[in-house]
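Asker: dropping the sequence and predicted coords here.
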Amino acid sequence: MPLGWIDFSKSERSKMLTVLDLLSEPGILDELGIAPIRDGFSNLFFPGTSTIQTRAKYFFIVPYALKDLEYSDVSDPNHMLRALDERERECAELLLHNIDDTDGIIGSRSLKQGKWVKRTPADIYWSGMRSYGIFAGGNLSLTEYVKAICALKRQKTTLIKLGNRKDSANEGEQDDKDAGELFRIQFWNIPTYTNDWIQNLSIKLTLDEGAFLKEQIIYSFPDSMLAFILKNRCLEALECNSFKKLSNLIRIFPEQVQTDYLLASSFSDFLYVLRVIYNLIISNSKNQNALNEWKEVQPLLSERSEVNLTKIFKRLQVCENVCLRNFLQKCKEFMALGDLKGMKAEICRRERQLKQTRAKTLHPGEFDPEIWYGGKTLDYRFSNAVLIMKDLFESEGLYVKSNK
């Protein structure tokens with residue numbers, strides 16, 4: 001159903017735009033549609049991670065819970081998904097009750113209000129478990145996997161019933177054999193699973209869990225920055241408080257990682273100029289933070305415009321995204337000329353192309369000038385990857401988290 005505007009006051013309209021944004025995917029809002037580049041570099045550097053992952057232990061809690069359900073008598077997909085949700089909530093409650101280190105426990109705030117999360121650990125970690133080969137069922141979604149398991153259970157039950165008929169012994173033996181073979185399909189590569197895993201549950205990885213997850217990451221993505229840091233125990237990377245700060249260590253990485261890093265860093269600098277201008281537009285130049293940042297970046301426009309978009313498009317295989325490519329190329333040309341008016345026009349056109357009547361640039365001056373919209377420099381999931389790496393290094397005794 002198409003949405004239209006009821007012409008309330010400026011403040012009410014701005015509140016409605018904010019609400020509509022909150023209905024979008026969590027994370028930094030992608031006002032200018034650069035996600036293919038942001039996510040492309042993120043997947044090169046820190047594959048299997050996401051901006052809403054919190055602790056490495058969930059790479060084990062989720063498959064452990066699902067292995068339990070595989071062995072249960074639940075054979076209806078909807079019932080199994082509900083049982084998974086209940087088990088994940090149970091784990092969160094146990095973690096909050098049993099341990100002091102509650103940092104990163106999914107649902108901690110919701111549970112204090114007697115509620116549970118909409119994005120469960122299984123939802124958040126499913127893609128990463130597939131990427132690292134922990135889930136061995138190919139590209140199945142969580143729902144598809146649950147349906148497959150339930151179908152196998154029902155088929156196994158049918159075969160067992162057929163095998164128990166009073167037919168000839170040979171036929172019965174074959175049916176029993178078929179039933180056993182059918183359920184030997186392994187969806188999980190999780191050698192650390194035991195049926196008592198939930199007892200004394202901790203958010204920290206065991207030594208075996210840490211070793212296994214580290215091995216899977218290095219094996220699955222040997223050329224990534226993440227794998228290099230883990231393999232070579234580069235604890236210095238954990239001390240960097242941003243992706244940009246990794247420049248101090250970049251020479252230790254393989255040549256291709258260095259090349260990718262320089263491309264990603266230059267793109268982040270280039271995009272930041274556009275985000276500063278975006279905030280100038282929607283605030284009618286009343287956002288003091290944006291004004292201050294503009295003074296800082298204006299002398300650097302020529303340098304920032306030297307970003308090699310052609311190499312970036314080729315490396316990330318986004319050449320077919322014509323609209324994104326044209327937008328960035330035109331902004332690059334205007335930036336090289338120091339043409340603020342031209343960049344503003346392109347930014348307005350791009351956001352309206354993407355968001356139509358929801359575009360904030362259609363309503364300049366109607367938003368809180370104290371708020372920064374659309375993100376700043378790109379982090380490429382580095383902060384989230386650090387959380388995972390800290391857990392892994394801690395399991396090896398190489399890193400000790402400071403007490404808050």
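Answerer: Happy to help now that I have it. Numbers count the residues shown, from 1 in each chain.

Asker: quick check: residue 207 vs residue 396, distance?
Answerer: Residue 207 is 7 Å from residue 396, where distance means Cβ to Cβ, to the nearest Å. Where you see a C-beta, it was placed from the backbone N, CA and C, and this is true even at glycine.

Asker: and these two? Which one has more around it.
Answerer: Using other Cβ atoms under 10 Å, the more surrounded residue of residue 207 and residue 396 is residue 396, with 14 against 11.

Asker: skipping adjacent residues, who's closest to that one in space?
Answerer: Residue nearest to residue 396 in three dimensions, not counting chain neighbours: residue 210, with 6.0 Å by Cβ to Cβ, 6 or more residues apart in numbering.

Asker: let me know the pLDDT of the one you found.
Answerer: We have a pLDDT of 98 for residue 210.

Asker: for the one 3 residues further on, same thing?
Answerer: The predicted local confidence for residue 213 comes out at a pLDDT of 98.

Asker: neighbours of residue 314, how many?
Answerer: Neighbours of residue 314 (other Cβ under 10 Å): 11.

Asker: what about the stretch 151-300 of the chain, any weak spots by pLDDT?
Answerer: Scanning the stretch 151-300 of the chain for pLDDT under 70 picks out the ranges 159-185.

Asker: give me that answer again for 50
Answerer: For the stretch 151-300 of the chain, applying pLDDT under 50 flags the ranges 169, 171-172, 174-183.

Asker: which residue is nearest the middle of the chain?
Answerer: The chain has residue 50 as the residue nearest its centroid, 1.8 Å off, counting by Cα atoms, centre = their mean.

Asker: was I right about that residue contacting residue 126?
Answerer: No - in this structure, residue 50 is not within contact of residue 126 by Cβ atoms under 8 Å, at 9.9 Å.

Asker: can you tell me the closest non-neighbouring residue to residue 106?
Answerer: That would be residue 121: by Cβ to Cβ, 6+ apart, it lies 5.2 Å from residue 106.

Asker: I figured that neighbour hits residue 87, correct?
Answerer: No - with contact defined as Cβ under 8 Å, residue 121 does not count as touching residue 87 (10.0 Å).

Asker: coming back round to it: and the residue nearest to residue 106, how many residues sit next to it?
Answerer: Neighbour count for residue 121, taken as other Cβ under 10 Å: 26.

Asker: how about it, what does it touch?
Answerer: Contacts for residue 121 (Cβ atoms under 8 Å, 6 or more residues apart in numbering) come out as 58, 61, 62, 88, 91, 106.

Asker: my guess is the second one contacts residue 89. True?
Answerer: Right, residue 61. No - counting by Cβ under 8 Å, residue 61 sits too far from residue 89 to count as a contact (11.7 Å).

Asker: pretty sure residue 187 sits against residue 133.
Answerer: No - in this structure, residue 187 is not within contact of residue 133 by Cβ under 8 Å, at 11.7 Å.
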